[in-house]
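Asker: My questions concern the predicted model and sequence given below.
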Amino acid sequence: MRDPKKPVARGFYILPNLFTTGSLFCGFFSIILAFKGQFDLAAWAIMIGAVLDGCDGKVARLTGTTSQFGVEYDSLADDVTFGVAPGMLAYAWQLHQFGRLGLAAAFLFCGCAALRLARFNVGVSTTSKRFFVGLPSPACACVMACFVLFMPYYPAFLEPILPGLTLVISIIVPLLMVSRVRYFSFKEFSFAKAHPYQTMVATLLVASMIFSMPRLFCFLILMVYVISGPAYTLYLRRQGKTLNPEAADAANAKDDAIAHQD
C-alpha cells in the first residue's frame, strides 16, 4: 500500500518502461499471430518478450530509475505476455481439440500467472533473493513457446499424442507457478561482477549451443530448469531442511555473515 504521507508521483521513467512496453507488445503480437495460425512466430514473440522483460529491471537498477509505477506496470504486462499469450498459443495450436477442457487448461496460464504475480508483489520483501517460490511466469510461458518450436525434432510416433502432451504440460507447468516449489533465481549472478574463468567458458559454451540449434537447446535448458525445482525441493525435504522462505532468508543471512567473517 502507498504511504499516504508521501506525495503521489506525477511522472515515470521512460527508459525501463520502454522495455516493459516492448514485452507487452510481444505478448499482444503473439496473440494475433496465434489467431492467424502462425504458431512459430507467436512462440518467438513470447521468447523475445521474455528477453525484454529480463532487461527492464536490470536497466532500471543500473540507471537508478526504479519506481513503484514500473513494478506495477511490469506485473500487468507480464500477465499478458506470460499468461494470456501462452494460453492462447496452446489453445489455438492443440488444446482446441479438447473443447471446454482445452479452454480450461489454456486459462490456467492466465489465472496462475495473475495469482503468482500478485503473490510475488506482496511477498517480495519476505522471500529469499536466491530462490523463486514457484516457477517464474516468463519461464512458464517459454516452456510452452519452446514446446511449439521443438516441433521439427518430434519423432513421428509422438504426433498422435501431441495434443495430449500439450494438455498435460498446460496443466502441470502453470500449477508449478503457484506451487511452493523453489527455483534458483540467479539474481546473484551479475555481468558487472568478477567471476571465475570457468564461468566464462561455461557461458560461451551455452551461448554457442543456443546459437547453433536454438530450438533444441532452448527447449532442453528450460526442461532442465523446470525439473530442477521439484528435484531441489525433494532434496531439501529428504535432508530435513525447511522450505519456509522467511526461515531460508534467516539462514542465508547467517551463512553470508559467517562467510564475511571468514
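Answerer: Structure's in. What do you need? Numbers count the residues shown, from 1 in each chain.

Asker: pLDDT score for the residue nearest to the spatial centre of the chain?
Answerer: Centroid check for the chain by CA atoms, centre = their mean gives residue 138 as the closest residue, at 2.4 Å. Confidence at residue 138, expressed as pLDDT, is 91.

Asker: Alpha carbons of stretch 169-186, in PDB - could you do that?
Answerer: Only the C-alpha atoms of stretch 169-186 are listed here, as PDB (Å, rounded to 0.1, in the frame of the first residue of the first chain):
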ATOM      1  CA  ILE A 169       2.100 -29.500 -20.000                       C
ATOM      2  CA  SER A 170      -0.700 -26.900 -19.900                       C
ATOM      3  CA  ILE A 171      -1.900 -28.200 -16.600                       C
ATOM      4  CA  ILE A 172       1.400 -29.100 -14.800                       C
ATOM      5  CA  VAL A 173       3.500 -26.100 -15.800                       C
ATOM      6  CA  PRO A 174       1.000 -23.300 -14.700                       C
ATOM      7  CA  LEU A 175       0.400 -25.100 -11.400                       C
ATOM      8  CA  LEU A 176       4.100 -25.000 -10.800                       C
ATOM      9  CA  MET A 177       3.900 -21.200 -10.900                       C
ATOM     10  CA  VAL A 178       1.600 -21.100  -7.900                       C
ATOM     11  CA  SER A 179       3.300 -24.000  -6.000                       C
ATOM     12  CA  ARG A 180       5.800 -23.800  -3.100                       C
ATOM     13  CA  VAL A 181       8.500 -25.400  -5.200                       C
ATOM     14  CA  ARG A 182      11.700 -23.400  -5.000                       C
ATOM     15  CA  TYR A 183      13.600 -22.400  -8.200                       C
ATOM     16  CA  PHE A 184      17.100 -20.800  -8.400                       C
ATOM     17  CA  SER A 185      16.700 -17.100  -9.300                       C
ATOM     18  CA  PHE A 186      20.300 -16.500 -10.400                       C
END
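
Asker: where does this protein dip in pLDDT?
Answerer: Applying pLDDT under 70 to the chain flags the ranges 1-12, 123-129, 187-197, 241-262.
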